[in-house]
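Trainee: got a structure for you, letters missing:
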Ligand SMILES: NC(=O)c1ccc[n+]([C@@H]2O[C@H](COP(=O)([O-])OP(=O)(O)OC[C@H]3O[C@@H](n4cnc5c(N)ncnc54)[C@H](O)[C@@H]3O)[C@@H](O)[C@H]2O)c1
Ligand SMILES: [Zn+2]
């Protein structure tokens, strides 16, 4: 089992990560002293897949009935926080209660915010059930909900007491959701971990097959990178911005398509391709590294087609990104594999040219990746799900 300590301004906490560790959740949570009650919160979908295992892990310890709420992104809103808090009151949760969020990023963000606000803060444990939640949203203490005006506009930094990460829980995740998380895994290698990057170059098919050992080691590696980054910059003053690699263009794509065409990781996949080509075009990145990065992103699978975004619209969307200052777009660009530069301004005509060339370059790289993947030794043992994933 890997235990990764996360440093946070309001106390440090541990991520316990191992295949099958959910079965030990009750012993781990019992370490939290003087709990008057343990309340599990999840969604009906997740509970259908993980409920039996979670209930039996907490048998006799948690409140008998889990609180379930719909975890569609559209339900990530303040009214749900109110509903959760009212349910907690009705179930008798007091200041010494422990709330256990079992789910993906939506459940983690909403329940985390409820835990931060309920009785001015009760203890929180995350049990992440998506790849994104295991490597990203359960670590770092960001919680919150959306407003009709935009995503994550209300929230709080509220670190959990503990995170229990069981990669076996990912077995039931829909393949597209799983692949979406893999783009963020690739991102981690590009921004800060050359060895992880090289490992993914060799073992992407095992990842796509969800080979338990491969997956567990990759997840632990990603958690360590995020732990290291936020340990040094919890509130995103500078270093934490490296985690936003691919997100400047990615967020613009998500907003332009109303969050309907792309899963987050897929938009980030396009965003990383765009940032890589920008780094290449501005002489910051060697052509060889750019080619390796593109191949690695595309080895995760097919990206949904890029929409045509009018230049003025794209510029406005990019300038609306959280990292931009006074309407000036600040890019997060790779300078080599494992190293990133933040806050880069690039002349607009160059951005516009690169975005125009993006679909053609990616299509070409995608074709080459497909040939290389078919020749890969792992390709002989791939199953149908993998095969469709790399088509
Ligand atoms: N707080 C942070 O630092 C942070 C970081 C990244 C993303 N986020 C947020 O996370 C959200 C996205 O989270 P996500 O990518 O984890 O997806 P998600 O929470 O939207 O879950 C995706 C789908 O998978 C289902 N699901 C979850 N676990 C499952 C399992 N084990 N088996 C079967 N189905 C399962 C869910 O019910 C849902 O339908 C966004 O709202 C984003 O803003 C937050
Ligand atoms: Zn992201």
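Mentor: Looks like it came in fine. Quick caveat, the model's predicted, so the values are computed rather than measured. Ligands and ions are numbered 1, 2, ... in the order given.
Trainee: Going by C-alpha atoms from here, please, whenever you check contacts or count neighbours.
Mentor: Fine.
Trainee: Please give me every residue in contact with residue 26.
Mentor: Residue 26 is in contact with 57, 58, 59, 61, counting by Cα atoms under 8 Å, 6 or more residues apart in numbering.
Trainee: what about it, distance to residue 2?
Mentor: Look at residue 26 and residue 2: by Cα to Cα, to the nearest Å, they are 18 Å apart.
Trainee: cool, residue 175 as well?
Mentor: 26 Å.
Trainee: Between the two, which has more neighbouring residues?
Mentor: Set side by side, residue 175 and residue 2 show more neighbours around residue 175, with 18 against 14, by other Cα atoms under 10 Å.
Trainee: where in the stretch 151-300 of the chain is pLDDT low?
Mentor: Residue ranges of the stretch 151-300 of the chain with pLDDT under 70: 236.
Trainee: Could you report the separation of the spatially most central residue of the chain from residue 318?
Mentor: By Cα atoms, centre = their mean, the chain has its centre lying nearest to residue 132, at 3.1 Å. The gap separating residue 132 from residue 318 is 23 Å, by Cα to Cα.
Trainee: Which parts of this structure are helices?
Mentor: Taking DSSP state H as the criterion, the chain carries its helices at 25-29, 44-57, 78-90, 105-117, 131-132, 175-192, 194-208, 212-232, 247-256, 264-281, 287-298, 311-319, 348-375, 384-389.
Trainee: got those as a markdown table, with distance to ligand 1 columns?
Mentor: As requested, those are exported to a markdown table (distance: least, Cα to the nearest ligand atom, whole Å):
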| stretch | distance to ligand 1 |
| --- | --- |
| helix 25-29 | 16 |
| helix 44-57 | 5 |
| helix 78-90 | 13 |
| helix 105-117 | 3 |
| helix 131-132 | 5 |
| helix 175-192 | 6 |
| helix 194-208 | 15 |
| helix 212-232 | 10 |
| helix 247-256 | 11 |
| helix 264-281 | 7 |
| helix 287-298 | 17 |
| helix 311-319 | 18 |
| helix 348-375 | 24 |
| helix 384-389 | 16 |
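Trainee: Contacts only, for residue 58.
Mentor: Contacts of residue 58 by Cα under 8 Å, 6+ apart are 25, 26.
Trainee: next one: phi and psi at it?
Mentor: For residue 58, the backbone dihedrals are phi -100, psi 10 (criterion: degrees, to the nearest 10).
Trainee: Which pLDDT does the model give it?
Mentor: Note on residue 58: pLDDT of 94.
Trainee: Same check on the one 4 residues further on?
Mentor: For residue 62, the pLDDT comes out at 82.
Trainee: Chain neighbours aside, what residue packs nearest to it?
Mentor: Leaving aside its sequence neighbours, residue 62 sits nearest to residue 38 (Cα to Cα, 6 or more residues apart in numbering; 4.5 Å).
Trainee: Do you know the pLDDT at that neighbour?
Mentor: The confidence metric pLDDT takes the value 96 at residue 38.
Trainee: tally of neighbours for the nearest residue to residue 215 once chain neighbours are set aside?
Mentor: Residue nearest to residue 215 in three dimensions, not counting chain neighbours: residue 207, with 5.9 Å by Cα to Cα, 6+ apart. For residue 207, the neighbour count with other Cα under 10 Å is 20.
Trainee: Surely residue 207 is in contact with residue 213?
Mentor: No. Residue 207 sits out of contact with residue 213 when judged by Cα atoms under 8 Å, with a separation of 9.3 Å.
Trainee: need the contact list for the spatially closest residue to residue 365 that is not a sequence neighbour.
Mentor: When the adjacent residues along the chain are set aside, residue 365 lies closest to residue 295, with 6.6 Å between them (Cα to Cα, 6+ apart). Going by Cα under 8 Å, 6+ apart, residue 295 touches 365, 366, 369.
Trainee: With residue 177 instead?
Mentor: Counted by Cα under 8 Å, 6+ apart, residue 177 has contacts 130, 263.
Trainee: How about the one 4 residues further on?
Mentor: Residue 181 is in contact with 130, 131, 132, 265, counting by Cα under 8 Å, 6+ apart.
Trainee: at 10 Å instead, please
Mentor: Shown in contact with residue 181 (Cα atoms under 10 Å, 6 or more residues apart in numbering): 130-136, 175, 187, 263-266, 268, 300.
Trainee: likewise residue 195?
Mentor: By Cα under 10 Å, 6+ apart, the neighbours of residue 195 are 189, 201, 221, 337, 338.
Trainee: Just among the residues you listed, which is most surrounded?
Mentor: Of those, with other Cα under 10 Å as the count, residue 189 tops at 25 neighbours.
Trainee: now residue 192, nearest residue through space, not along the chain?
Mentor: Closest residue to residue 192 apart from its sequence neighbours, by Cα to Cα, 6+ apart: residue 338 at 4.1 Å.
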